[in-house]
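Enquirer: take this sequence and fold it.
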Amino acid sequence: MLLLRSVLLVALAASAALASGGRDKLSVRPILLSEHPDDATHRVYVKGQVVTTLRFEQSVDPVKTKMLGWEGRLEPLAVVRNKVLLEPLHDLDDDEAIPVVVTLVDGTEVPFLLRPPGREGWSWTDQQVDVFKNRESHAAMHAVLREALKKNDALTEENQRYRKEETSEDHALAALLVSGALAQTPFKVVERFFGKDADAEIDAQVLQGKVKAAVVFKIKNLAPEQPWSMKSARLVTLDKGHERAVAVRATGREIMPGGSGVVAFVVDGGAFMEDGKLTRLSLEVYRHDGMRQAFIQLDPALIER
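Expert: I've put the predicted structure just below:
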């Protein structure tokens, strides 16, 4: 870690801490079985040390329910009446897939493929999968309707956020900083630091503006195969941990191995106020795998009043 003159702290080596906003989304979702014999095997997204439950409408035959090639990667599966419990010992690699065949007491075989969650911000870990053999049952139709409403609410919220960002001054400033147009913004560079770990090389600038502050990360991906992406960012007051809004813009969703990209953050001066007083802020950046890539303490001296 480097201690900078303006009391800005950066930790460029990834740490195991997770932001509350950066945790994997745990999901309960329905699967409707098809009568067509050529339908694809259903994928189930699992995470290390997180129990995933497959829940069926009827009891499961524990003798005929099996996993293939699971040794050393998952706990032995457990069958409890109409439920199958799965728990990976650790996160699966991106190219890993573990077949599971669940056999119901009526002889129906249901194949699954256990896969790791994707790297994208909208990826999920399956906490529970409700499997319906009778597609027209009341329970199945209710589960599908509930899932459709949930997706509609998420899309509505996302569209509202996009519309708000389109007219947001802070997001416009972040976009200018990402494009390298510093001269077109009210900011000036007051601190610069450089850091490197096994996966990333970061050249960062801290900027001061009129009632606003900003941080710009120029990131080079040093990983041989894994693309780098920002999973989440979290801005909180240092004293009480209250969440604050931060505008974020990036040159792209992912930085490929050997490539470079820019991520810019703009903080409004009002974020530094807590209980009527100026306070320091902590900006935390979490990468694709949930590890904390960097954090910076922002002093209220950064905003000119």
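
Enquirer: quick one: low-confidence residue ranges for the stretch 101-250 of the chain.
Expert: Under the criterion of pLDDT under 70, the regions of the stretch 101-250 of the chain flagged as low confidence span 118-123, 134-167.

Enquirer: which residues of it fall in helices?
Expert: 138-166, 169-178 (DSSP state H, counting those that start in this stretch).

Enquirer: buried ones in the last one?
Expert: The neighbour-count check on helix 169-178 (16 or more other Cβ atoms under 10 Å) flags D170, H171, A172, L173, A174, A175, L176, L177, V178 as buried. (Glycine included, C-beta is placed from N, CA and C.)

Enquirer: turn those into a markdown table, columns for distance to P224.
Expert: Formatted as a markdown table, the entries for the buried residues of helix 169-178 read as follows, by distance: Cβ to Cβ, whole Å:
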| residue | distance to P224 |
| --- | --- |
| D170 | 36 |
| H171 | 34 |
| A172 | 36 |
| L173 | 35 |
| A174 | 30 |
| A175 | 31 |
| L176 | 33 |
| L177 | 30 |
| V178 | 26 |
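
Enquirer: ok, and what's touching stretch 83-95?
Expert: For stretch 83-95, the external contacting residues (Cβ atoms under 8 Å, 6 or more residues apart in numbering) are 44, 46-56, 60, 65, 67, 72-75, 77-79, 98, 100, 102, 114-116.

Enquirer: OK, contacts around W228?
Expert: D199, A200, I219, N221, E254, I255, G261, R287, H288.

Enquirer: and it, how far from G258?
Expert: Shown here: W228 relative to G258, a distance of 10 Å by Cβ to Cβ, to the nearest Å.

Enquirer: can you check which residues contact both of the two?
Expert: Both W228 and G258 are contacted by N221, under the criterion Cβ under 8 Å, 6+ apart.

Enquirer: could you report the pLDDT at the nearest residue to V129 once chain neighbours are set aside?
Expert: In space, V129 comes closest to L54 once its chain neighbours are excluded; the distance is 5.2 Å by Cβ to Cβ, 6 or more residues apart in numbering. With respect to pLDDT, L54 scores 95.

Enquirer: centre of the chain versus the host helix or strand of L54, how much separation?
Expert: Per DSSP states H and E: L54 is located in strand 52-56. Between the mean C-alpha point of strand 52-56 and the mean C-alpha point of its chain there is a distance of 23 Å (Cα atoms, centre = their mean, to the nearest Å).

Enquirer: just checking: what are the partner strands of it?
Expert: Here strand 52-56 has these sheet partners by DSSP bridges: strand 83-86 (antiparallel), strand 124-132 (parallel).

Enquirer: what's K240 in contact with, if anything?
Expert: K240 sits next to E274 when contact means Cβ under 8 Å, 6+ apart.

Enquirer: do you know how far it is from T251?
Expert: K240 sits 34 Å away from T251 when distances are taken as Cβ to Cβ.

Enquirer: do V266 as well
Expert: As it turns out, when the distance is counted by Cβ to Cβ, V266 lies 15 Å from T251.

Enquirer: ok, the two, which is more surrounded?
Expert: Neighbours of V266 and T251, each counted by other Cβ atoms under 10 Å, are more numerous for V266; the result is 28 against 16.
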